[in-house]
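# Here is a sequence with its predicted model. Questions after.
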Amino acid sequence: MDMTKLRSIPLFSGLSKKELREVARHADEVDVPEGKELLKAGSTPFEFFAIEDGSVDVRRDDEVVAQLGPGDFFGETALIERGVRNATVTTAEPSTLMVMTTSEFRAMASTMPSVAAELQRAVEERCAAVVAES
């Protein structure tokens, strides 16, 4: 994963070069075609995504409830809780995504707990903001 691309994602923009290198070591970059289902409501979470380029539709009960684009992230329940996915996410156009599995997040957390804590804090803040808007 390219550190420059990671820095373009607001969630990671405040990290130092050393911290970005560590995150990049644990993340992968994937190119995904339009119409690809990335997450399914009710499934067990195993990964977290951030959008570098493209967009995704977030659906609940077959209704689009949000469209996310570059800089946005989703699948954060994989990092902060052990519940099930609460929405289905599908690419709305060809997209480039950063993906990190829960096992890679835990590995990063063991070597750089401060970075993992910062990412988890940012995710929790975003989740709280979404709940407040509902």
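Sure, I can see it.

# for residue 103, helix, strand, or coil?
Going by DSSP: H, G, I helix; E, B strand; the rest coil, the secondary structure assigned to residue 103 is helix.

# okay, it: pLDDT?
In the predicted model, residue 103 carries a pLDDT score of 88.

# any idea which helix or strand carries the residue positioned nearest the centre of the chain?
To find the centre residue of the chain, average its C-alpha atoms and take the closest one (Cα atoms, centre = their mean): that gives residue 49, at 2.7 Å. Using DSSP states H and E, residue 49 falls within strand 47-53.

# With just CA atoms, put that strand into CSV.
Output in CSV follows, covering the C-alpha atoms of strand 47-53 (Å, rounded to 0.1, in the frame of the first residue of the first chain):
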residue,chain,number,x,y,z
GLU,A,47,-12.4,-6.3,7.2
PHE,A,48,-12.4,-2.5,7.1
PHE,A,49,-12.3,-0.4,4.0
ALA,A,50,-11.4,3.2,3.0
ILE,A,51,-12.2,4.6,-0.4
GLU,A,52,-9.2,6.0,-2.4
ASP,A,53,-11.2,6.5,-5.6
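
# Mind listing the strands it pairs with, and their directions?
Applying DSSP bridges to the sheet, strand 47-53 is found paired with strand 73-74 (antiparallel), strand 95-101 (antiparallel).
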